[in-house]
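> what follows is a predicted protein model with its sequence.
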Amino acid sequence: MPELPEVETVRRGLEALIVGKKVASATSDNPKSFPNAPQDVASFLVGATIQDIHRRAKLLLVSLSSGYSLLVHLKMTGQLVYVDSGVRFGAGHPNDSLVHELPDRSTRVAISFDDGSTLYFNDQRKFGWVRLMPTIEVPNIDFMKKVGPEPLEADFTAAQFAQRFARRTRTNIKAALLDQSVVAGIGNIYADEALWGAHIHPQRLVASLSEDDFERIYIDVRAVMNLSIEKGGSSNKNYVNAEGKKGSYMDFARVFRREGLACPRCGATIEKLRVAGRGTHICPVCQTI
DNA sequence: CACTTGACCTGTCCGC
DNA sequence: TGCGGACAGGTCAAGT
C-alpha cells in the first residue's frame, strides 16, 4: 500500500487524533503483527500517554511517555484507523458497502484509550508489523542506518538526489528508485508517475542518465508526492487514512493503473510491463529507452 | 558489494 | 458456479 504520501497522511491524521491520549489496553491476535506484545505491552504501553507521531520513509514512529516508542510499518495492506465511539470504518466513502464496524477479520492489533476510543491496526496480508522498543534505541535499528534521505525535505537538492544513485549504476532506474537506501519513501505508484513526468523509460540504465535526466526525475518525484499528500494519498484498494477514508490521488494519476487509456500528454495508449519484478506503466511514445 | 528472484500472506479478478 | 493462476501500493533472505 502505502508509500511516503500515504504514510504521511496517516501520520498527520494520528497527530490530530491521538496525541495526548492515554492507553488503557492493547491486544493482538497475531504474533507476527506485534511480536513483542505479550511481554512489553503491560509494562510500556498500557498507562502511557501518546507524545508525538513522526515518520521516517514509510515507517511511523509513535513516541510514548514511558520512554518507549511504537514503530508501525504498513507494508502492502496495513491500515491504522482511529475509531471514536459511533464512528464507523469507511464512513463517508461513496460506496456504502465499504462501511462496517471495526474490528473486522483483518484487525491484527487494537489499542484502546481511556476515553473509549480505539486505534486499529488492520492488515489483510499480514506483511506489516507493530513493534515496541525504547525510544533511545530507535536511531540504532538497521532500518534507520540504511534508509536514504527524505526526498521532500526543503534542503534536499537535485545534485544530492543524483549523487545518491552513484552506487546503483548497473541496474535500471525503476529498481533504483524503489531502493529505499537510495532515496526514502518512493514506491511503485510514484516511481511510475515520476518517470512519466520526466520522460524517462523505467528500463533505462542508471549509468545512461544525464544530470539533466536526474534533475527532471527529482522535480517529478517531489511534485507527484507533494500533490498526493495534498490529495490525501492514493487509494488503489486497501489504503485509508486514520479516519478510515480513502485518498484521491488516483483521480490525478497519469499512467499508474491506466493501461489501455490515453496518455494525457500525447494521446498514445498507455502500456503495462514488468520491470524490477513490479507491474510498471508507461507511455510508449513519451518514454523511450 | 551490487543485483535478481522468490518468499512472505490473503483476497480478488480473469480465463477456462 | 467452480477452479487455477496471476497479481496486488513492500521489504527480506537467499542466490549469482
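Okay, I see it. Keep in mind it's a predicted model, so treat the numbers as computed, not measured.

> extract the CA atoms of the helix or strand of chain A at the bottom of the mean pLDDT ranking and return them as CSV.
In chain A, no helix or strand scores lower on mean pLDDT, DSSP states H and E than helix A:37-40, which sits at a mean of 84. Provided in CSV are the C-alpha atoms of helix A:37-40 (Å, rounded to 0.1, in the frame of the first residue of the first chain):
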residue,chain,number,x,y,z
ALA,A,37,3.4,-7.6,22.5
PRO,A,38,3.0,-10.1,25.4
GLN,A,39,6.0,-9.0,27.4
ASP,A,40,6.1,-5.3,26.7
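
> whichever residue of the stretch 1-150 of chain A sits closest to DNA strand B in helix, strand or coil?
Per CB to the nearest atom of the strand, A:Arg125 is where the stretch 1-150 of chain A lies closest to DNA strand B, at 3.2 Å. C-beta here means a position set from N, CA and C on the backbone, and glycine is covered the same way. What DSSP: H, G, I helix; E, B strand; the rest coil gives for A:Arg125 is coil.

> next up, the contacts around it.
A:75-77 (CB atoms under 8 Å, 6 or more residues apart in numbering).

> for ChimeraX, write the selection for the buried entries among those residues.
Those of the contacts of A:Arg125 that count as buried under 16 or more other CB atoms under 10 Å are selected in ChimeraX with:
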select /A:76,77
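
> filter the contacts of A:Arg125 down to the ones close to DNA strand C.
Filtering the contacts of A:Arg125 for neighbours of DNA strand C using CB under 7 Å from any atom of the strand leaves A:75-77.

> could I get those residues as JSON lines with distance to A:Glu230, pLDDT and secondary structure?
Shown next, in JSON lines, are the ones next to DNA strand C among the contacts of A:Arg125 (distance: CB to CB, whole Å; pLDDT from 0 to 100; DSSP: H, G, I helix; E, B strand; the rest coil):
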{"residue": "A:Lys75", "distance to A:Glu230": "24", "pLDDT": "98", "secondary structure": "coil"}
{"residue": "A:Met76", "distance to A:Glu230": "24", "pLDDT": "97", "secondary structure": "coil"}
{"residue": "A:Thr77", "distance to A:Glu230": "24", "pLDDT": "96", "secondary structure": "coil"}
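
> adding distance to DNA strand B, write those residues out as CSV.
Below are these laid out as CSV (distance: CB to the nearest atom of the strand, whole Å):
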residue, distance to DNA strand B
A:Lys75, 8
A:Met76, 7
A:Thr77, 7
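
> contacting residues around whatever residue of the stretch 151-289 of chain A ends up closest to DNA strand B?
Distances between the stretch 151-289 of chain A and DNA strand B by CB to the nearest atom of the strand are smallest at A:Arg170, namely 2.9 Å. Contacts for A:Arg170 (CB under 8 Å, 6+ apart) come out as A:205-207.

> make sure it is indeed in a strand.
No - assessed with three-state DSSP, A:Arg170 is coil; it does not lie in a strand.

> sorry, back to before: with DNA strand C as the reference, measure out to the residue of the stretch 1-150 of chain A closest to DNA strand B.
Distance, A:Arg125 to DNA strand C, by CB to the nearest atom of the strand, to the nearest Å: 6 Å.

> mind checking pLDDT for that residue?
pLDDT, A:Arg125: 96.

> now it: phi and psi?
For A:Arg125, the backbone dihedrals are phi -90, psi 0 (criterion: degrees, to the nearest 10).

> repeat for A:Ala162
Torsion angles, degrees, to the nearest 10, at A:Ala162: phi -60, psi -40.

> ok, and the closest non-adjacent residue to it?
Leaving aside its chain neighbours, A:Ala162 sits nearest to A:Phe214 (3.7 Å; criterion: CB to CB, 6 or more residues apart in numbering).

> what's the burial count for A:Asp84?
By the criterion of other CB atoms under 10 Å, A:Asp84 has 12 neighbours.

> identify the residues contacting the closest residue to it other than its chain neighbours.
Distances taken as CB to CB, 6+ apart place A:Ser117 nearest to A:Asp84, at 4.7 Å, with adjacent residues excluded. By CB under 8 Å, 6+ apart, the contact set of A:Ser117 is A:18, A:21, A:82-85.
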